[in-house]
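Student: Okay, predicted coordinates and the sequence, questions at the end:
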Amino acid sequence: MRYLFALVVLFAATLQPAVARCADDFRTFTGVVTDKAGAPLADTAVGISWSELEGPAGPALAVTDSKGRYVIPVYFSTYSGKGRIYEDECKFKVRRVSVAAYRAKLRSPYTQVAIGDKRSVALPVTVIWLPLDKEPVVQLIRPGG
């Protein structure tokens, strides 16, 4: 009877689904925030957001240093759904992010940037400032221009 019980337990253990944990995709975003004259803006909040499989994600935030520079490290999920048998599929890639800067009663336009496969992504310099009570403006930056 013990052997039968041991065989049943062993058989049941082999039926457990294999769990694949998707590794996150690490990226670093850097840039400089300036005013219209090109002067760096210190102590300015910068945020990026993106979409993942299940909808909007983020924001990831940073504050600029005395030279207007910022660095935002982000871990993106690569989970793309359940596999055909048991394990998870880990093929999802974030293709673009949106970046914006905020300071006192001003904000920049939301700028969408294609990020490709680069591990370190330089985001465009934010130079146009709008009052917070204006409608959002979206700029689309095409790769290479």
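Tutor: It's in. Residues are numbered from 1 along each chain as shown.
Student: going forward, measure contacts and count neighbours with C-alpha atoms only.
Tutor: Noted.
Student: can you map out the helices along this protein?
Tutor: 2-14 (DSSP state H).
Student: Could I get the full set of strands for it?
Tutor: With DSSP state E as the criterion, the chain has strands at 25-32, 45-52, 55-63, 69-76, 81-82, 88-89, 96-103, 106-107, 110-114, 120-122, 130-131, 138-141.
Student: Now mean pLDDT, mean neighbour count and distance to Ala39 too, for the ones you listed, in TSV please.
Tutor: Shown next, in TSV, are those (pLDDT from 0 to 100; neighbours: other CA atoms under 10 Å; distance: least, CA to CA, whole Å):
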stretch	mean pLDDT	mean neighbour count	distance to Ala39
strand 25-32	92	17	10
strand 45-52	93	20	16
strand 55-63	93	15	16
strand 69-76	94	18	11
strand 81-82	82	12	46
strand 88-89	84	16	46
strand 96-103	90	20	14
strand 106-107	79	18	16
strand 110-114	88	20	20
strand 120-122	87	16	18
strand 130-131	64	15	17
strand 138-141	50	13	21
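Student: Dump those into CSV; add distance to Gly38 as well.
Tutor: Below are these laid out as CSV (distance: least, CA to CA, whole Å):
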stretch, distance to Gly38
strand 25-32, 10
strand 45-52, 17
strand 55-63, 18
strand 69-76, 13
strand 81-82, 45
strand 88-89, 45
strand 96-103, 15
strand 106-107, 16
strand 110-114, 18
strand 120-122, 17
strand 130-131, 16
strand 138-141, 19
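Student: Provide a list of residues in contact with Ser51.
Tutor: Ser51 makes contact with Ala57, Val94, Val97, according to CA atoms under 8 Å, 6 or more residues apart in numbering.
Student: Pick the one among these closest to Gly47.
Tutor: Of all the contacts of Ser51, Val97 has the smallest distance to Gly47: 10.0 Å, by CA to CA.
Student: Contact partners for the nearest residue to that closest one once chain neighbours are set aside?
Tutor: Leaving aside its sequence neighbours, Val97 sits nearest to Trp50 (CA to CA, 6 or more residues apart in numbering; 4.8 Å). With contacts defined as CA under 8 Å, 6+ apart, Trp50 is in contact with Pro56, Ala57, Gly58, Pro59, Val94, Arg96, Val97, Ser98.
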